[in-house]
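# the sequence and its predicted three-dimensional model are supplied below.
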Amino acid sequence: MSDGPRIITAHWGDERVIPYEGYVRVGGYEGLRRALAMSPEEVIAEVKASGLRGRGGAGFPTGVKWSFVPQDTGKPTYVVCNFDESEPGTFNNRELVEREPHQVLEGIAIAAYAIRSNLAFIYCRGEFLWPGSVLRRALEEAYEHGVLGERVLGTDHRLDVVLHRGAGAYICGEETALLSSLEGYRGQPRQRPPFPAIEGLYASPTVINNVETLCFVPHILRNGASWFTSIGTERSPGTKVFSISGKVERPGNYELPMGTPFRVLLEEHAGGVLGGRALKAWTPGGSSTPMLTAEHLDVALDFESVQQAGSMLGTGAVMVMDETDCMVEAVRRMVRFYAHESCGKCTPCREGTWWVSRVLDRIEAGYGRPEDLPLLEDLVPNLLFRGFCPLLDGAVSPVASGLRHFREEFERHIEERRCPFTGRGSATGVAEPPAPPAPQEPAPGPVPLSEVLG
Amino acid sequence: MSERRPRVDLSSAVGAVASGMATILKQVFRRDVTEPYPHVIVPPPPRSHIGRHRLNRHENGLEKCIGCELCAFACPADAIWVEGAENDPEHPVSPGERYAKDYQINYLRCIMCGLCVEACPTRALTLTSYYELSFTSREEAIWTKEQLLEPPPPLGTDPVDREG
Amino acid sequence: MSREPVTLTIDGREITVPAGTLVIRAAERLGIEIPRFCDHPFLAPAGACRQCYVEIEGQAKLVTSCTTRVAPDMAVRTQVTSELVRRAQAANLEFLLLNHPLDCPVCDRGGECPLQDQALAFGPGESRYIEPKRTYRKPIPLSPLVNLDRERCVLCARCTRFCDEISGDRFIELYDRGAGERVSIAAGEDFRSPFSGNTIQICPVGALTATPYRFVARPFDLSSTDSTCAHCAAGCAIRVDVRRGKVVRVLARDDVEVNDAWICDKGRFAFAAPDRPERVTTPLVRARGLEPASFQEVLGEIAARCRGGRVGILVGGRLADEDAYALSKLARTVLGTNDLDHRRAFHGGRAELLAAARPMSVTYRDVEEAAAILVVGLDAEQELPILHLRIRKAARRGARVFVLHARRTRLHDLGEHLLVRPGHEAFALERIREALAAGGDGPEARIAAALAEAGERAVVLAGPRLAEHPLAADVALGLAERVGARFALCARRAGDRGALRAGVHPTLLPGGRRVTDDVERGQVEAVWGPIPAEPGRDAMGILRAAAGRELDVLYLVGVDPLRDLPDPALARRALANAGYTVIQGLELGELEPYADAFLPAAAAAERDGRVTTWEGRPRPLRAARAPLGLSRPDWEIFVGLAEALGADLGLGSLEAIRAEAEPLLAPREVPVRSSAWGAAGPPQWIEERVLFTYPLLVDEGRLLEGATELKAALEEEPFAEIHREDAEALGVADGGWVRVRTSAGDAVVRARVGETVAPGAVFVPFNQPGLPVAELLAGRFTVGVHLEPAAEPAAEEVA
């Protein structure tokens, strides 16, 4: 690994920092202590000055988000920590929680103090059983040691943190859907405005931050905003934990300064493409960000540079595909994920992802028609930015970028009536035609009596 | 206003009279086309759809008519009455949920325009070549579903017509 | 929300609308129709169907006009001027139609379907989708009334949002996600909402269909008439659809002043009664048996009996305003009697006088905009369902709702209930009045504080339960006046308020003028001529008089005293002993053996006229079809009877009636009287257990006959609701059988034990199938009761 500055992963590998005592020994809760000595406004100003941007995908400045919270509504304010990490390819939140849970709690506590909130929630992805248990243990410790509860670190500030486990839906990582789910409703996004900072959880002002974002906060309070801005690029200060996976020698999480070129991440840290094969495609921020190619090896990994290259930094989840990978299959799988995870609320997402996924099924299975590619190319603009929430845009980007960079692979599938990589397809008689959609008989759950009785 | 008389061209007038006389003479010697109906019944050309309607069935015996009333909607003479009802899934009359509980065509109103046939989404309603439609009462002019489901009898067998 | 005007342009045309208006509404004002499915003006914005895209200058993405609020100088381009919007809308329609079956010819919505219309207007001609469509089992009955076809559903969530936001009956919900998302209902549950039919009407496709209308007609079969629902005093705007002389469907019409866009299931589905074979449509006269005769004959016969005889007239809740006025005049000026009454319970007092004299003291809008609402003695959901929805709307807008009633009502999720024993409402009201000054922290004090704080924006709605003591409503009125609240005495039946205003009442003449007051009577005599000065008998008094052979003619207009009034034994005696019994109505039913003459009346859907809402608002009735047979509107029969008696009422047309009635019915001041207990004295504190009853929305009422599916969906088996404390003391288990014994009779019913009635009170619904509760009553709708556990009755004993 490189010797670059590591901030939030500095103690990874040291299991002693998991319990409270170990965390305190390495300077833990020092940031919270400093924050409590300041006024909430000063804390917000400090975070604002640090230029910290949200690591959950959108890159919105954290301090600015906090400053939107009104204090004169007569309603309580809430902090919600988004730990519903479900973007394919993303796995840094899980490791951050597992390896140093108190770091997250400290970030939550500072955020809560900054917006004068007495109640915070951690929305934990349903599948995260172990990380959830680690958090629960950490919460108990924090209450035992007076970090949480009636008097936070002996001050008059009160804070309770509730751990809420999701039920396993990608959409609940979207902040308004997360709030609906947290309130006990269906996990479906809500209309914005009003934005959560004004009317969020229980129609009260709410700040929602990603785990990684909150992990940076204690360090900013401890070391000062100017320290933070000295790392990374001017407009994307600090470091970022990149999750690299796929066809690389050493997949994993690597904390690097913002602006590190992709080549450095791939070659120096992840050990290059698996088996020394040639790089074909990579996603800079999970499957919902448009794919880039080998041409983009030297793109700097920060919000602006990646955007300039035609994609988005997203969650910094890099998935690497090499020359042996079928891009039609890759796109098909990504779209299928989104079709499965679409919440169903809005028409283009519900029907569009379903349609695209069926067409891709056909092409991969060797049943593509020449008119399918123009059809897909026409569907992209009909779907992009037409959904209720960004899920649909994420679903469209692999199709759009796949067609943009690898159209000839799609054409070969259709011409040869099989997948050139696996050899399977209607031409060789190996593949079955894609199964027609199974009749959607009622799943377990609310079924009318009349149906049970027939 | 001055009165203008058409100028008469004698040669063209003679020609016109001659061609008129020729037409008349041709007709005088042509064979008589009047059919001695009902004593002799000339079958209509094959595939002609000039006569009463028929409701068709699928091969499995189910009625093609789904009672959608589009024929009634299309009818410019308001000659068709349809009443839909729900199929008993155990004993369906037609495929799907809906069938025609009642279907009537009033031949006092029908103008044989065929728009109903155009409108039918299942080709349940077609016209036949059975043209012997005469009635002695209003009730008789209203054909019921049962009658319409039957194939038309051979021409010339309608008892009403035989009296002529 | 501020309502300052905002000016924007849509398709280059400028318009000024209040701030906060949605772009789609602003476009409507300009006459630009943006296609939409999930948007509904009475539901909160959802943004789900994505059909209503518009382009807003300066914004990179298209936005949905149903979720975007106007902003100053906004420049909006709709499909009219923007090719991009047109393409987006066409693409979205293609998505909606991907999985939509092409079964329009058999779909009940075909021909009046927003999806069909918009696909035709804005959609692509052909789909590029070649895969098999999604299929579901169908239809799925959500209730005996509502069927769900999931294949047709476009998941706009209008139905689920209606249930969440408007009725609060959250029986249906979207389930699963993505392409598998579908409307579902919990296992074992029926969609038992009295407002379920509205979901069918607002469904933008044929996914929800009504069983009674299933495959019955196509839109082009129907001739439609705008009218008013005459099932209760809510006065909902409806559209009556007739196919070849038969009512086949009733729909709600939009009217923001009355019913918004909703009607209850009774109004929607109970339309078959006038077409039943039991309906009698010719005049009958008793000779050897009841035999058909002409109107002239029968009226002549009745006139002969009335001439010089003593006549008592009982009236049901069905009469239109003009009928009531004609009858009031007929009784007073031709038959020479004040013995007429339309009520089945007796308010008396100043509250009733006000209701007769001053309409519109509270309107739906007042309820909607109220800050505090006190509902006393009224089960709004069951008795005035649309008022119930307005109260819910007000609660959602922040109004505090309190219910003072003997039984928990369906407002329990939004309002605070104070359960008091029937007959004790006045005591609770007195305690609230005391708490106005004294304060405290009980429920009475909370109500007092909320009413006082709301002041002019407080509304007190008094219902039929208060009629159990002559002056209980006056106490409620006194409380309202004390805090400056608006007050209404809510009539339940469609004809009640109109009949009260017209003076179908033993002591009140039109406009609430008292028979006993010479000045007030004089005002009416100036128009009508002489009127008897002595007060008449009320309904029970008329029955007692008939039973005592004091009446020569008993004239029953749209009322069945055996089933509608709380003393069937007395009614039987009255019918047996009356000199001559005239029945006027739609059918004879159980009255047949008593009838000496029958006059066939036209049903509400067969005639023009007006009905008055509980507010006092006149609403138009319009004939959707001709009356069956020889039946005639009631007012024509009254005029005819007067003629047979040699009198001319001068009421030859509806216009003539209205013209004569208008000055008499103009709002007028009524003398202020002290609201101290009147001659009846203060209500008695009741120690014994009390049975009380009132009709639920769907019962065995006459106008509900033939509404099979409605009854299957909403009618309940007879039951006795008992408070847990009483049940424990008596050893009665929930779901067990209990014998209910009163001075009039006894019955065995199933017990429902809980905290839904006041301790000491037992609720048994009026007129449920299998249990004519009237047989247990002795002149009032409350009666002392003795309870004991009982064995399960043999089948015939229940019936």
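Good, I have the coordinates.
# contacts, neighbours, all on C-alpha from now
Noted.
# pull up the distance across stretch C:688-708, start to finish.
Counting by CA to CA, to the nearest Å, you get 39 Å between the two ends of stretch C:688-708.
# OK, contacts around C:C107?
Residues in contact with C:C107, defined by CA atoms under 8 Å, 6 or more residues apart in numbering or on different chains, are C:206, C:215.
# state the distance from it to C:D149.
When C:C107 is compared with C:D149 (using CA to CA), they lie 10 Å apart.
# can you work out which residues contact both of those two?
With CA under 8 Å, 6+ apart, C:C107 and C:D149 have common neighbours C:G206.
# got the residues of chain B near chain C?
With CA under 8 Å from any CA of the partner chain as the criterion, chain B meets chain C at residues B:66-70, B:73, B:83-86, B:97-98, B:121.
# max-length strand in chain B?
Longest strand in chain B, counting residues (DSSP state E): strand B:98-106.
# could I get the residues of chain B next to chain C as CSV with distance to C:R397 and secondary structure?
What follows is the residues of chain B next to chain C, written out as CSV (distance: CA to CA, whole Å; DSSP: H, G, I helix; E, B strand; the rest coil):
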residue, distance to C:R397, secondary structure
B:I66, 48, coil
B:G67, 47, coil
B:C68, 45, coil
B:E69, 46, coil
B:L70, 47, helix
B:F73, 46, helix
B:E83, 46, strand
B:G84, 45, strand
B:A85, 44, strand
B:E86, 43, strand
B:E97, 43, coil
B:R98, 44, strand
B:P121, 50, coil
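# hmm, back to that, against which helices or strands is the longest strand of chain B packed?
With contacts defined as 3 or more CA pairs under 8 Å, 6 or more residues apart in numbering or on different chains; DSSP states H and E, the packing partners of strand B:98-106 are strand B:80-86, strand B:142-143, helix B:145-149.
# name the residues of that strand that come out as buried.
Neighbour-count burial for strand B:98-106 flags B:98-101, B:103-106 (criterion: 16 or more other CA atoms under 10 Å in any protein chain shown).
# one more: stretch C:732-749?
Of the residues in stretch C:732-749, those buried (16+ other CA under 10 Å) are C:732-734, C:736-742, C:744, C:746-749.
# ok, then the element right after the longest helix belonging to chain B?
Longest helix in chain B by number of residues (criterion: DSSP state H): helix B:10-28. Downstream of helix B:10-28, the first helix or strand assigned by DSSP states H and E is strand B:53-55.
# quick one: average confidence on that next one?
Across strand B:53-55, the average pLDDT comes to 95.
# show me where pLDDT drops low in the chain?
Here I'm looking at chain A. Chain A contains residues with pLDDT under 70 at A:1-4, A:429-454.
# wrong chain, I was asking about chain C
In chain C, residues with pLDDT under 70: C:1-2, C:347, C:672-683, C:795-799.
# so where's the longest strand in it?
strand C:746-754.
# go ahead and flag the most central residue of chain B.
Against the mean C-alpha coordinate of chain B, by CA atoms, centre = their mean, the closest residue is B:G51 at 3.3 Å.
# from B:A119, how far off is that one?
Distance of B:G51 to B:A119, given as CA to CA: 17 Å.
# quick check: the gap between the residue nearest to C:A380 when sequence neighbours are not counted and chain B.
Leaving out its chain neighbours, the residue that sits closest to C:A380 by CA to CA, 6 or more residues apart in numbering or on different chains is C:H388, at 4.9 Å. Noted for C:H388: a distance of 35 Å to chain B, by CA to the nearest CA, to the nearest Å.
# what angle do the longest strand of chain B and strand B:80-86 make?
With axes from the mean of the first three to the mean of the last three CA atoms, to 10 degrees applied, the angle from strand B:98-106 to strand B:80-86 works out at 160 degrees.
# now C:E131: which helix or strand?
Going by DSSP H and E, C:E131 is not in any helix or strand.
# buried sites along the helix or strand harbouring C:I15?
Element membership for C:I15 (DSSP H and E) is strand C:13-18. Residues C:17-18 are the ones in strand C:13-18 that count as buried (16+ other CA under 10 Å).
# tell me what that strand is packed against?
Looks like strand C:13-18 contacts strand C:5-10 (3+ CA pairs under 8 Å, 6+ apart).
# number of residues surrounding the residue in chain B that chain A sits nearest to?
Closest contact between chain B and chain A, by CA to the nearest CA, is at B:P89 (11.9 Å). When neighbours are counted by other CA atoms under 10 Å in any protein chain shown, B:P89 registers 11.
# any idea how far C:C107 is from the residue lying closest to it once chain neighbours are set aside?
Closest residue to B:P89 apart from its sequence neighbours, by CA to CA, 6+ apart: B:E97 at 7.9 Å. For B:E97, the distance to C:C107 equals 9 Å [CA to CA].
# can I see the domain layout of chain C?
Residue ranges for the domains of chain C, per automatic domain parsing: C:5-98, C:135-274, C:284-342+C:496-664, C:355-489, C:690-798.
# good, we can wrap up now.
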